[in-house]
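Participant: just coords:
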C-alpha cells in the first residue's frame, strides 16, 4: 500500500477550528512562519538524502519488472518498456539532468513519476505486488552491500600499505610499549602487522554482515506478502542475493543489518583511531619516530618545522562520528513495534555519513602509512634508556640455570638495581659483579642483552623476531591481498 | 599562528621515494584515484559546513577590529575599512553571491581572503593579536548562543500550545496510566501540563548552558595569550558576552559548552519522544483518544481511514540522531591533550545537525498538539473498565473510618473482588453488600466513586483536580510565556 | 613482565615533600581520608570483578603447564604438581572456601599465590613464557566464548517458545500494523515468526563473533612473544581454539572481540525491546490481545485487574544498559596506543553486566511468550474496523480485470469512500453499487473481502497465509532447534 | 497504590495449560531451571541495589510522617512511634544488622516491613497519601543531591591541588602544544589552571543540576495527587527542597534530573581523561616532564624504571563507563509514555556506578597532581627545539615596525628558513643577517626571542605570563575554594 502525503493545506475542519483555530495559528511564527505544511515539508520527505540510492532503486525495479513478466503478472512488452524507461531515468540522474521533487517525497516516487512521464501507462504496472516498504528495505540492503564491497577494497589497500612498510622494517628495532612505557624491544614491522590483523578481522566482520544481509526483502510487499503468484527467489537471484526472506513482516520491519554494519564500522574506526594516535605520537618532537609526508600534514606560515598531523587527528576524531551513528540507529529502533514505523526513515543518514567518513579515514590512514618517513635511529635510540632487556636476562636465567620464573625475576631485579646504582646498562655490568648476585651466571648471558639479540630471540610463533616478521608478511599477503600483483 | 595547508602536490622527496615510491602510489586507485592530495582535500577542509557560521565570524571580526583600533594597535581608518569590507562580505554571502573556496579551507580564511580583495592592505592587519584557534572557538560559541535563543523561543511556543490545550481540557477525564495500564483517572489538561514542566526544565538547562558558555575566548590567540596590549573585556562586551576568558589555554582547548548544549538537546529530544509515543498511541485505532490533523499525518491512497502519525514517529526517531551527536562529541574529546587538536574540527557538524533536528522536532510537536482533535468520549469511556477508582475507595476508608492505610487497602481488595464476582462496578455494589465486608461503611462512600469525583478530589497541590489545572495553566503562563499577548 | 604494585605507604621522598608535602596531604580528607594508598586500593585492583573468570584462568594455566612440560621447559613432575594444585584451587573457589585478597590485585595473582601455598616451589615455574598480558586476554576470551554458548542456548529456547506459539496460532487472525495503524490482516503465528528470524540472525552474529575470537593469545607473553621454545598451537588446541594468534602485539592489545560481542548483545536487546513493547501494548486494556501470566506481571493490592507487564518493561529498559556497555567499551579503546594500557581493565565489567542482563532478558521473554494467554476474539475484532482489506480489493482488480496497479488503487479508493459514506464494510457494498464505480466488477470479488480470505491469499513465499506459517514453523525447527525432542 | 508481586507459584490455569503447559515448562532448563518464578525473582526486585538509598528513604518517611501528623491525617503519637521506629531501622542498617529480603522487592517495603515488626499497627498508617511512585522519585532525588554535594567537594579538592601546583610553577616554562606539536612557550602553572577552569564549570553544571532537581515529588502519590489534605510544601521544606512539584504526573514520570546529572558526570570524566592523557604523556620516557609518585603507579618486578601510570590510565578509561551510563539512561527513557513504567527501575544502577566511578577518578587525579614531581629542566629543554618563538618575532615586527600581520608572518617565515638553513635558533641569527631580510629590524628584537621573554610578554588578560598566573591563582582560590584555610 502506498502512503500518500495528505494535502498540506490546512483544511480547518470544524473540530480543529474549535480548539485550535487562530490561536494555534499564532504559533506559526519565526522560522516556521508558513505553518504546519512548512514544518511537515521539512521533516517528512527523504528525497534530500535517499536520492543516493537511485541506482539501487532502479536495479531493484528492473529485477521486479522482469520477474512480473516472467510470471505473467504483467505483459512482456510492458516489462520491456519499464526496463528501458528505468535505464533512461538512471542515465538522467547520472548526468545530473534529473529534477528531484520534494513533493514526491522519496527516491521511489521520484523515479516512478519520471518513468510515467517517459513511458506512460505501463509505468502504472510496475508497483504490482510490491510496496514502498519492501522497496526501501531492498534499496538500503543493496546500498549497504555496495558500501561493504568498497570498504573491503579500502581496507585491503590499507593492509597492503602496512605490509609493504612492515617488510621494509622487518628488523627495524623500536621500543614495544605497555602503558606508554618502553617494555620490550620489538620490530617496527611487527608493530605494523598488528594493525594488519585488526583490519583483517574488520574485513571479516563486514563480510559476515554482508552474508547476513544478503537476503532479499522483495515480495514482502507492505508487510504480509502478496496474493500475486510472484517468485521472490527469482528477484533475489537477479539481484545477487543468496536467498529471499523467510518472513515478510521481518523483511520490512527490521534494520538490524544496518546496525551490524555500523557496529563493524565503529570498531574499524576505533582501530584506526589507535593507529592515528600512534602516528601523532610518533611524529611528535618528543618521539620523532616518523615524519608524515607533506600531503597529510599542515604546517604554520611561520613555523616551518611544525608538522601538524591533521589527517591522523581527523581520523581519530571521526571515530566519534561513527560511534554516534551506531548509537543513533540503536536508539531509533529501541522499542519499536512491528512492522514499519516512520522512525525507521532515520536509518539512512547515519549509514551514509558513517560510510563516507570511514572510507575517507581508511584512505587517509593508508596514505599516511605509505608515505611516512621512518627514523630508524630515533627508534633504536629510544630502546637504550631503561632496562628494556630485563626480561631477556630473566628468561636466560630460567632457560640456562633452570631457575623458577619467579626466582629469576627476583634475581634480575637485583641485577637491575646494581646497574642502576652504577649508572650503566645491564650489558655493561662486569661478569664478576653479576656473579656476586648469582655465581652461576656465565659470559654467555651477554649474548641476550642487546636489543637486536632480544628481538631475534623472540621467535615463538607470532613473536617479533625479524624472521617471523618476514614470514608473517608473506602469509599476510596470501591471507589478505587478492590482487597480489599490486604489491610486487 | 596560522596553520597553512602544505602544498598538496606530491613532493616525492627522496626518503619518501625510497620506501614509498611507486608502490605507495599504487594504493591510490578507485575512489581516491587522484592520490593523497585528493584524500586530504576531502577530509581536511571545513568550509563545507563551517560556512554556516559566517555571520558569527564577521561579527567577531568587527568587534576585534574595533578593539584593535581603540587600543591603538591598528589605525582607526584601517579598522573602518575592515568593518565596511566585512559588512560587504556578509551581504554577499547573505545574497548567495559569495564563492566559497575549498582551497581556503574554512570560513575564516574565505572571509579574510575576500576582505583582502575588497579593501586590500588593511585586511592584513585584522588578524593581529588573534589566531584561528580563538576565532573558531568564538564563532562556535556565538553560533550555539544564537541556537539556544532560537530553541528557547521554539520551546516557549510548544509550551504555549500545551497550555492552550490544557486549559481547554482542564476537566476532560481520561485514564492516568502506569505500566500503560489504567491506574487512576486524571484530567487531560493535567497530563499535558506535565510536558509543560519538562519543557520548562529543558529551557532552564539551555539557559544555564548559555550563561556558562557566554565567555569570550577572543584574545587567547593561538593558546598563550598575546603580547599586544589588547582589551579582551572590550571585545567580550561588544559581542554580548558576560566576561572574557580567565585562561587562554582553556579558552581554545575546550568544547564543553558544545557538549553541554548537546546534552540539553538530547534530553529535550527524549522528552519529545515520550510525547510523540503518546500521540502515536492515542491516535491508534485501539485508543482513539485523539485525531492528529491532516497536516501532520500521511494516509494511504486506498485506505482513507489510515492516519499515520508521521511527524510524531519522526520526532520520536530523531531522538536517536541527537543522542548520537552527543555521544559523537564526547568521544571526540575523550583523551585529547591540550590545547587545540584537529579532532576538534569534528565539533561543528553534530552541533549543526542536532540543532536543526531539534528545532524541527519541537515545531512539529507544537503543531501536532495545537491541531489535534480530542475525543473526550473515548477518553471517558476508557476510565470505565477495571476498578480505576479503587484507591478513591481506599482513601475514603482511611479518611472517614480512620483505618490504617494498609488495612484500608486490604478491605478495598475484598470489595473489588466482590464487585468483580458480581460483574459490576464498585459504585454499583449495594450498600448492604459493602457493609458485609465492613459494617462501618456508609452511603457517603458513593460520593467518591465516580471518575469526576475522583479527579475533583485530587486537589492536593500539584494534583489533577480541574481547579488545580486551571490555576496551573495560569501560573504556567506567568512562569513560562513572555509574550502573553500571543496566547490571549 | 609482571607488574607489581609499588609500595603503597607514602615514601615521602624529598622531591615530593618539597612541592607536595603536608599541603598535599591536606587533600586527603573525607571519603579518602586514608590518603593516596586508599584511593589506589579502590581504583586499581580488579579482583572484585575478575574473580568471575577463575575457571577460565585455571583452565588456561593447566593448558600452559602441560605445554611447558611437553616442550621440556619445565619438568613433568612440576607440571603434574601444578595441575593438581590448580584443581584444588578451583574446588576451593567453587565451594566458597577461597579467600580473595585485594592486595594480590587480580584473579591471576590470587590463584598463583594460593597455588604457591599448596605446592610450593613448582608454582614459581608456571609463569614461565607467559605474562599477565596474554593471560588476561586469554581468560576474557574463554569467558566470552562460554557466555556466547550460553546465550546461544537461551536464544534457542526463545525461538522454541515462539515457534510453539506460532504453530498454535498459524491461523489466528490479527491486524498487521504499520505506524501502529492497522494495515493488512496477518496471522499471529506469522507475527511471532518474525522474531524467530531476528533471534536467528542474533545467534548468527554471536556465532560469527565466536569464530573470530576463537584464537589463542597464549604465547604472546608481555607483547613480543618469547624466547622459550613454546608451542602456542598446542595450548590453542588444548583450550579449544581454532588457532593461535598471528601477531603477539595484536594478541595482547586488542579487545575487539569484546566489542563485537557487546554489539551483538546490544542488537539482540533491541530486538527483545521491540517484542517487549508489543507485549506491553497487547496486554493493555486498549488492545487486550494477550494476557501475560501471573509469573511475569505484578498487580496492585487493591486493583486486581491491573497486570503490570513488569518483565516486559524491564526487558525493554535493560536495552539501555547493554547499549551503554557497548558505548563504554568503544570509548575506552578509542585512541589507545599499542599495546596494553591499564584502561583496558575496564573491558570486563561491561561484558559481565551485559551478559547477565541479556540472559535474564531472554529468559524472561521466553517465559512470557510461552505462558501468555492469547485472546483470539479481540485480535479478530480488531481487524474489522477500517478497511483493512482495501489492498485485497485492489489486488483483485489488478489480477482479475488487468488494471494497472496505480489505477486499481484509484478505483479502490473510490469504493472505500463509497463504503465509508454508507457506513458499511467493503464486503457489505452491494454489487450494483460497486459496478457503478467500475462495471467490470463481478460477484467473485466478495471472495477476497474477508480477513480469513485475505490472509489465506497471501501465500507468496514468506507471506502470512496459514499454510505458509505451518510450513515456516517446521522449517524454523529444522533451521534453529538442535534438540528437537524438546519441542515435541 | 501499592504494586504487589503476584504469587510466583505457577497457577497453571486452564488457558495457560492449553497452549503452554508442559511444553512451556520444557523451556526452563539450564540456568533458569527453577521456572518463571526464578527468572522473575532475578529480574524484578531492586533491593540488590536500591538499598543504597536507605538513608534517603528513611529521611523521606520521617518528613512524611511529620507532615501527616501536622495536618491531622494521622495521630501525633503514631507519628512519634513511626519516627522512632524508623530511626531504629536506620541504625540497624548502618550497623549491618538488617536482613534485606528479596521477597520484599525494594528498599521501601523492606523498611516498612521492619518498621511494622518494631512498632506494629501505626506502621500501617505511614503510607497514607503516598505511593511507591513518589517515594522512589524522592529517594533518588535525595541520593543524587547528596552525591552532587560530595562530588562538589571532591572537585574543589582537585582544584586546590591544581592551584597549589600552579603557584609553585607559575614561571616554569614548557612548550604549549597544538596538535601535540610545540607551538608557543607557556608556563606549567598556566597549563594546570586550564583544568581549574574546566573543573569550575563542571561544578557549575552540578550546581545547576542540583537546583533543578531540588523539587520535592512527595504528594504526587501514585500519579494524580491525593484527596488527603496534605502539605507538600511542608515536606519539601523539611527535606531541604526549594519547592514542591507543580505537576504530579511529571513528578513521578520523569527522570531528567538523573540524566542531567549523568551528563555533567560524563563531561567531568572527559575533562579528567584529558588531564590523564597528559599525565601519561608527561610521564613517558619521551617527555619526562613529570614523575608520578609511587602511590599512583605500578612498576615491574624486574624493570624498576618502569612507572606505569595506572591511576591515570584507569581514570582515562573510566570515562567510557560514565558515558555508557549516560547513554544507558537516555535509551531507557526514550519513547516511554507517562507515567511510571517499570523500565525506569533501570535509573539507579547507572547513577550509582557513575557516582562511585567519578569520585574515585577525581580523587585519583587530585592525588596524582598533588604528588607528582615536576622536571623543570626537561620542560625547558623541550622548548628549545623548533622555532617555538616564531610568533614572538612576528608580533615584534607588527608592534615595532608596524607591519601588517600577514606581512609580518611572511617575513618571519623567511627568517625561520634562514635560521633553519644555518642550523641555528632564531635568537642566534646575527642582526645583519636579519637585516638582509628586512633592514628595519633592530637589536631590540633579541629581547623577545628567549622563551622566558616570550611567556613574560604574553601578559594579556588570561595569558600565560608568570605574573598573570600568580594573580590567576589568587583569584581562583577566591572563586573556587571555600575552605581556604585548607590550602594555607
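Facilitator: Structure received. This is a predicted model, so every value here is computed, not measured.
Participant: so does stretch A:360-380 get close to chain C?
Facilitator: No. Judged by Cβ under 8 Å from any Cβ of the partner chain, stretch A:360-380 and chain C are separated, with a smallest distance of 12.9 Å. (Each C-beta comes from the backbone N, C-alpha and C, glycine too.)
Participant: what's the end-to-end length of that stretch?
Facilitator: One end of stretch A:360-380 to the other measures 33 Å (Cα to Cα, to the nearest Å).
Participant: chain center to that stretch: distance?
Facilitator: 20 Å (Cα atoms, centre = their mean, to the nearest Å).
Participant: how about stretch A:419-439?
Facilitator: Counting by Cα atoms, centre = their mean, stretch A:419-439 comes out at 51 Å from the chain centroid.
Participant: in it, which residues are buried?
Facilitator: A:419, A:425-427, A:429, A:434, A:438 (16 or more other Cβ atoms under 10 Å in any protein chain shown).
Participant: does it come close to chain D?
Facilitator: Yes. Applying Cβ under 8 Å from any Cβ, one finds stretch A:419-439 touching chain D at residue A:420.
Participant: what residues does that stretch touch?
Facilitator: Stretch A:419-439 has contacts (Cβ atoms under 8 Å, 6 or more residues apart in numbering or on different chains) with A:384, A:387, A:389-390, A:393, A:397, A:401, A:411, A:414-416, A:418, A:441-443, A:445-446, A:449-450, D:304-305.
Participant: ends of that stretch, how far apart?
Facilitator: End-to-end for stretch A:419-439, by Cα to Cα: 17 Å.
Participant: show the model's pLDDT score for the residue nearest to residue A:449 when sequence neighbours are not counted.
Facilitator: In space, and not counting its chain neighbours, residue A:449 is closest to residue A:427: 3.8 Å by Cβ to Cβ, 6 or more residues apart in numbering or on different chains. We have a pLDDT of 92 for residue A:427.
Participant: doesn't residue A:427 belong to a strand?
Facilitator: No. Counting by DSSP: H, G, I helix; E, B strand; the rest coil, one finds residue A:427 to be helix, located in no strand.
Participant: quick one: residues in contact with stretch A:210-217.
Facilitator: Contacts of stretch A:210-217 (Cβ under 8 Å, 6+ apart): A:134, A:137-138, A:141, A:144-145, A:148-149, A:232, A:235-236, A:239-245, A:251-252, A:257, A:260-261, C:201, C:204-205.
Participant: circling back: the residue nearest to residue A:449 and chain D, how far apart?
Facilitator: 15 Å (Cβ to the nearest Cβ, to the nearest Å).
Participant: just to revisit the earlier point, emit the PyMOL select command for whichever of the contacts of stretch A:419-439 are buried.
Facilitator: Remark: buried members of the contacts of stretch A:419-439, expressed as a PyMOL selection using 16+ other Cβ under 10 Å:
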select buried, (chain A and resi 387+389+390+393+397+411+415+416+418+441+445+446+449+450) or (chain D and resi 304+305)
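Participant: which of the contacts of stretch A:419-439 fall within helices?
Facilitator: Taking DSSP state H as the definition of helices, those contribute A:390, A:393, A:397, A:401, A:411, A:414-416, A:418.
Participant: what is the nearest of those residues to chain C?
Facilitator: The shortest approach to chain C among the ones in helices among the contacts of stretch A:419-439 belongs to residue A:390, at 7.2 Å (Cβ to the nearest Cβ).
Participant: local confidence estimate at residue A:5?
Facilitator: Reading off the model, residue A:5 has pLDDT 51.
Participant: quick one on the thing from earlier: buried only: go through the contacts of stretch A:210-217 for me.
Facilitator: A:134, A:137-138, A:141, A:144-145, A:148, A:232, A:235-236, A:239, A:241, A:244-245, A:251-252, A:257, A:260-261, C:201, C:205.
Participant: residue A:459 and residue A:466 touch, don't they?
Facilitator: No. Judged on Cβ atoms under 8 Å, residue A:459 makes no contact with residue A:466 at a distance of 9.1 Å.
Participant: figure out the helix or strand that the closest residue to residue A:98 other than its chain neighbours lives in.
Facilitator: Spatial nearest neighbour of residue A:98, excluding adjacent residues (Cβ to Cβ, 6+ apart): residue A:92 at 4.3 Å. Secondary structure assigned from DSSP states H and E places residue A:92 in helix A:76-94.
Participant: buried sites along that helix?
Facilitator: A:78-79, A:81-83, A:85-86, A:89-90, A:93.
Participant: go back to those residues and keep what's next to chain D.
Facilitator: Okay, of those, nothing touches chain D (Cβ under 8 Å from any Cβ).
Participant: from these, which two are the most distant?
Facilitator: A:78 and A:93 (22.5 Å; Cβ to Cβ).
Participant: quick revisit: inside strands: which ones of the contacts of stretch A:210-217?
Facilitator: A:243-244 (DSSP state E).
Participant: where do the strands sit along the stretch 201-350 of chain A?
Facilitator: A:215-216, A:243-244, A:290-291, A:298-300 (DSSP state E, counting those that start in this stretch).
Participant: distance between the longest helix along chain A and the chain's centre?
Facilitator: Counting by DSSP H, the longest helix found in chain A is helix A:132-168. Remark: helix A:132-168 is offset 8 Å from the chain centroid, using Cα atoms, centre = their mean.
Participant: and the angle from the next helix or strand after that helix to helix C:132-168?
Facilitator: Sequence order places strand A:173-178 as the next helix or strand after helix A:132-168, per DSSP H and E. Angle of strand A:173-178 versus helix C:132-168, following axes from the mean of the first three to the mean of the last three Cα atoms, to 10 degrees, is 60 degrees.
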